[in-house]
Structures are given as C-alpha cells and as structure tokens.
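Colleague: My questions are about this predicted structure, shown below with the sequence.
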Amino acid sequence: MLKLRFRFGLRSLFATVSLLGLLLGGTAWFLDYLSRVPAEVTLLFEIAPSNKGDKVAFVRVHGKILDGWSDLRSSVLQHTGLNTYPESARLGLLNAQQPEEFADIGASDVSGGVAWASDDSLLAYVSGKLHLGDDRRRIRVYDVANQSSEEVYVSSDWFVRRLAFSPDSKSLAFVENYNQDYLTLLDIETRRTTTLASGVSSHYVCWAVDGKSIFCVRNGLEVWRLGVDGKTKDLLFKGKDFDENYPYFLVPSPDGNHLGFGYAGALHVLDLATNQVEKLFECHHYFLTFDWSDEGICYLDQVGEEDVNEARVMIYDPSGRTNEEVVVGPFAHVAWLRKGVLILRKENEQLWELELQDKRMNRLFPPTAK
C-alpha cells in the first residue's frame, strides 16, 4: 500500500510539473507574440479610385490588439493580411491632383465596400452603429459637390458588404445577412429593395457593362450572371473543389464582352457570348488583385515563392498576349487611376501613383510635405 501511494504521489507530482511547464511555456509564447505585435497600426483598405481618376476614396483603419471581434476586422484581414482589431475606421477622400487636399468624411465603423457613381457625383459606403447596442449596418451616400451624406438603407443585421453602383447610378447592389448572403438590389430614389439570390460571396460582385445583369460568385465555387429583372439566372462557370480551385475577384472587360476572374492561381477570361473559358496567365501573389481598362490588365505577381512582402506590378496586353513587369516593391494593391497611371498601396499604409511612361512614382497619401 505504501508503494502504491508513493507511485501515485510521484505521478501526481510529475503531472503537476508538466502542466505547470506547459502553462509557463504558453504564457512565455503569448508574451513574446504580444511584444512583436505593434501596439497601434493604421491601415488603408477599400481603395476606390474615381472613374475620372482625379479622386481616390479609401478607409483608414486605426487600432490595437483588443479583446473583441468585429465584421470590420475580418474585412481588414482580407485586404491587408493583418489580423488586428480596429478602434476606428474612417472614410477619406483624396484629391489625386492635389494630395494635400484630403477630406476626412468620417462616419462610424466604415466597412464592406466603397463605390462611386458613374459620373463621380456620389460615393456610397457602409456605416456601422450610431449608438451603443445598435449593430445594424447602414448604407450612406455622400454627395461630393455638396459635401453631405444621406442614409439610404438600414439593414436588419450587422452584415452588409460589397457595394456596387449600377452603370446608370440609379441602383446599388450589395450582399447582406451573414447567414443567407442575399444579393440585394436597392433603388436609390424609391429606397425599394429586391432580393436577386442567396448564397452569394460577399467579396465578388460586379455589374455587367450594359447594366442589365450582375456577376457574382455563389456557393463558393460558381460564377453566375443574374438579370436585374429577377427573371434570368445563368450559371457561367463552376470550380472543382475548395482546396484552391475556387473563382474570385470578378472584373468585366471594358467592352463588356468578357468577364475576368481569378481561379487556381491564374487569371481566366470568360467569353460571355459563347461561355468559353480560357486561362490567360498564372499569377501567384497571395493578394490577387487586378483591374481591366482599355490599356490592359494591371495586376500583382510574386517575386519569389518565399517572399510574400515584395510584389511585381505587371501589365498584360490581351490583344498581344504579352506580360510586362513595371516595378517591384512592397505593394499589396494595384488599380488603374487614369490613362497611363496606376495607383498602388505600399506597405498597407501609403498610396502612390505610378506613371507608366517613365515609371515615375509620386506619393499621394500621406501627402509629402512641401
């Protein structure tokens, strides 16, 4: 009996010491993790150049590592790769011709998408709670000329994403309701809404050039064309599995005849007349963003397999089927600003314009002191 007690005591002591070691090791790891995380960060995301290229709207997120979760946090993670908890997110409007003329539009907990009307007169965005305990998301429209904002829609819950103005600027498409992911169409004038479909990805929604239909990703793997009249629903493409072969980032060609999208590490293009899909080029940058204009397709590609902090800015010519490297740097977003000029996000904190002719770069935000 004495030996049994002794053995039991040794086992208990060993288990206690092991558990204490695990706790101390876990605590040390967590403290080391916190020491390497910046106390405060300011990030730029939801970058939206105006159609004329003279203005840029974007969201500035400032925050710390906090004890909480938010819809905004997940949106920041998707755009920047940084898992942080925002304290504030404010909408800013930059004059690309005179960067020092920066307007802080403000708003509360801006998330989910920023969209320009076709004539750049209106800017739509998603705003969060107005007071404590109100988690509903609101869509607001900012009148650029009058510098005033108006609430046009209040959702029933906390989830509204991916705003997109129709080509005639009379309607807004967006995804709402976290459990159902409804693609909703809002008439700006009458405030009436129409539900076009459910199961729509909240990151990939865009209008057809003719304004008669909307492209979206449904059920994770499927590219659909939905008629705004609610009568037509066409399955255009279906991926194979969820490991890596799912479609993302839909962008129509300027002439409206094709739809570009990322799939399995490459940019594919869908002929909307024949429904034939063709792979144009491979792209392995972990943030695959691209934009399509009459001058070609701009996108980011990786420099090396292990280097995720550097990216090559590329231009693809669809007619000549050629790729050209423009510049290499710590870039995480690229889009056409105006003819011959790209806008780049650098290190998640700065906005730069790049003139293609001479590859000259100018910092737009924060503006360079003169």
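Modeller: Noted; the coordinates are in hand.
Colleague: how about the strands of the stretch 1-150 of the chain, start to end?
Modeller: For the stretch 1-150 of the chain, applying DSSP state E, counting those that start in this stretch gives strands covering 41-49, 55-64, 85-95, 102-106, 114-116, 122-127, 138-143, 148-154.
Colleague: Likewise for the stretch 201-350 of the chain?
Modeller: Secondary structure of the stretch 201-350 of the chain (DSSP E, counting those that start in this stretch): strands at 213-218, 222-227, 233-238, 248-252, 258-263, 266-271, 277-282, 290-293, 296-302, 311-317, 322-329, 331-338, 341-346, 350-355.
Colleague: mind checking how far residue 114 is from residue 92?
Modeller: Noted for residue 114: a distance of 10 Å to residue 92, by Cβ to Cβ, to the nearest Å. In short, each C-beta sits where N, CA and C put it, glycine included.
Colleague: Ok, residue 123 next?
Modeller: Remark: distance between residue 123 and residue 92 (Cβ to Cβ) = 11 Å.
Colleague: pull the helix or strand with minimum mean pLDDT from this structure.
Modeller: helix 2-36 (a mean of 45; mean pLDDT, DSSP states H and E).
Colleague: before we move on, back to that, looking at the strands of the stretch 1-150 of the chain, which is nearest to residue 344?
Modeller: Closest to residue 344 of the strands of the stretch 1-150 of the chain, according to Cβ to Cβ: strand 41-49, at 9.4 Å.
Colleague: Mind checking which of residue 123 and residue 92 has more residues around it?
Modeller: Set residue 123 next to residue 92 and count neighbours by other Cβ atoms under 10 Å: residue 123 wins out with 24 against 19.
Colleague: Which strand residues bridge the closest residue in space to that one that isn't next to it in sequence?
Modeller: Distance criterion Cβ to Cβ, 6 or more residues apart in numbering; nearest residue to residue 123, sequence neighbours excluded, is residue 142 at 4.3 Å. Beta-bridge pairing of residue 142 under DSSP bridges involves residue 123, residue 149.
Colleague: Surely residue 142 touches residue 125?
Modeller: Yes - checked against Cβ atoms under 8 Å, the pair residue 142 and residue 125 is within contact range at 7.0 Å.
Colleague: shared neighbours of these two, anything?
Modeller: Common contacts of residue 142 and residue 125 (Cβ atoms under 8 Å, 6 or more residues apart in numbering): residue 91.
Colleague: Residue 368: helix or strand, and which one exactly?
Modeller: Using DSSP states H and E, residue 368 falls within no helix or strand.
Colleague: Any idea how many residues pack against it?
Modeller: Neighbour count of residue 368, defined by other Cβ under 10 Å: 10.
Colleague: What separation do you get for it and residue 90?
Modeller: On the measure of Cβ to Cβ, residue 368 and residue 90 end up 21 Å apart.
Colleague: likewise residue 353?
Modeller: For residue 353, the distance to residue 90 - Cβ to Cβ - is 22 Å.
Colleague: Identify all contacting residues around stretch 211-218.
Modeller: Contacts for stretch 211-218 (Cβ under 8 Å, 6+ apart): 164, 166-168, 173, 183, 185, 196-197, 199-201, 203-208, 223-229, 232, 236, 246-248, 250, 252, 259.
Colleague: List the buried residues in it.
Modeller: For stretch 211-218, the neighbour count (16 or more other Cβ atoms under 10 Å) marks 211, 213, 214, 215, 216, 217, 218 as buried.
Colleague: What residues are bridge-paired with the second one?
Modeller: The partner list for residue 213 in beta bridges (DSSP bridges) reads residue 227.
Colleague: With the last one instead?
Modeller: Using DSSP bridges, the beta-bridge partners of residue 218 come out as residue 200, residue 222.
Colleague: Contacts only, for the closest residue to residue 105 other than its chain neighbours.
Modeller: Ranked by Cβ to Cβ, 6+ apart and with sequence neighbours excluded, the top spatial neighbour of residue 105 is residue 91, at 4.3 Å. Going by Cβ under 8 Å, 6+ apart, residue 91 touches 57, 58, 59, 60, 104, 105, 106, 107, 110, 114, 125, 142.
Colleague: Residue 298 too?
Modeller: Counted by Cβ under 8 Å, 6+ apart, residue 298 has contacts 290, 291, 313, 314, 315, 316, 334, 335, 336, 342.
Colleague: Okay then, goodbye and thanks.
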